[in-house]
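Trainee: this is a predicted model, with the sequence first.
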Amino acid sequence: MARYTGPKTKIARKFGEAIFGEDKSFEKKNYPPGQHGLASKRGKKSEYAVQLMEKQKAKYTYGVLERQFRNMFEKATRSQGITGEVLLQLCESRLDNVVYRMGIAPSRSGARQLVSHRHITVNGHVVNIPSYNLKTGDVVAVREKSKSLVAIEDSLARTATVYEWLTWNSDKLEGTFVSIPQRVQIPENIKEQLIVELYSK
């Protein structure tokens, strides 16, 4: 399964925010990576550079590689609605992202691993494809044999965020993808219009 496996803190420092989740190393060095760090005098970025950086931030945030991301963009352009908003909605509808949002895993990479290792079911059937696109009403649950996993218990114990477009039953360890989130319900700091402008060149 293709995914980014390089240094995460370095990427987070590049964008100036902890896009991979809680990161103690990032908190200690909250400035651009490189030999000169804070002292580096960087000139004004070109319009293309700003757009490219926004696209890269979105890709790293959701753990999607270039081909997958472009395919999602093309799907978004064919859909009704605002292209940039639909693109983020497609990212949010991925199974690995929903597993992360429900608190079953502490990060999207952790969620991807749980899905790949067959710990997650959708509507009662095991699904091991992280990019699986959920539809309204789909029920996502922890597989019966996996309910005692310490990693899942720890993650759920630390989760406090509740999203309006998801429901969660802590007794059954299952949740429902109630609806596709609106842009205001997606907390990610991504300027999707810049991505649309980049791909539209």
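Mentor: Done, it's in.
Trainee: for the residue nearest to the spatial centre of the chain, give me its contacts.
Mentor: In the chain, the C-alpha nearest the mean C-alpha coordinate belongs to residue 62, at 3.0 Å (CA atoms, centre = their mean). Counting by CB atoms under 8 Å, 6 or more residues apart in numbering, residue 62 makes contact with 91, 94, 97, 108. In short, each C-beta sits where N, CA and C put it, glycine included.
Trainee: next SSE after the helix or strand of the chain with the lowest mean pLDDT?
Mentor: Within the chain, no helix or strand scores below helix 24-28, which has a mean of 52 by mean pLDDT, DSSP states H and E. Where DSSP states H and E defines the elements, the next helix or strand beyond helix 24-28 is helix 47-62.
Trainee: quick one on the thing from earlier: wait, which of the contacts of residue 62 is closest to residue 45?
Mentor: Proximity of those to residue 45 (CB to CB) peaks at residue 91, which lies at 24.1 Å.
Trainee: count of neighbours near the closest one?
Mentor: Neighbourhood size, residue 91 [other CB atoms under 10 Å]: 24.
Trainee: then residue 176?
Mentor: Neighbours around residue 176, by other CB under 10 Å: 19.
Trainee: partners of it in the sheet?
Mentor: On the basis of DSSP bridges, residue 176 is bridged to residue 139, residue 167.
Trainee: surely it is in contact with residue 139?
Mentor: Yes. Using CB atoms under 8 Å, residue 176 is in contact with residue 139, at 5.4 Å.
Trainee: and which of the contacts of residue 62 is nearest residue 194?
Mentor: residue 91 (15.1 Å).
Trainee: element containing that closest one?
Mentor: Counting by DSSP H and E, the element that carries residue 91 is helix 83-92.
Trainee: ok, residue 74 next?
Mentor: helix 66-78.
Trainee: what does that helix rub up against?
Mentor: 55, 58-59, 64, 83-84, 86-87, 90-91, 131, 195-196, 199.
Trainee: out of those residues, the closest to residue 182 would be?
Mentor: residue 86 (11.3 Å).
Trainee: if we can go back for a sec, narrow the contacts of residue 62 to just the buried residues.
Mentor: 91, 94, 97, 108 (16 or more other CB atoms under 10 Å).
Trainee: can you flag which of those residues belong to strands?
Mentor: Nothing among the buried ones among the contacts of residue 62 maps onto strands, per DSSP state E.
Trainee: what's the farthest-apart pair in those?
Mentor: Pairwise over the buried ones among the contacts of residue 62, using CB to CB, the maximum falls at 91 and 108, 10.1 Å.
Trainee: common neighbours of those two, please.
Mentor: Common neighbours of residue 91 and residue 108 (CB under 8 Å, 6+ apart) are 62, 97.
Trainee: quick one: mean pLDDT over stretch 174-188.
Mentor: Computed over stretch 174-188, the mean pLDDT rounds to 96.
Trainee: quick check: buried residues in it?
Mentor: 174, 175, 176, 177, 180, 181, 186.
Trainee: cool, thanks, signing off.
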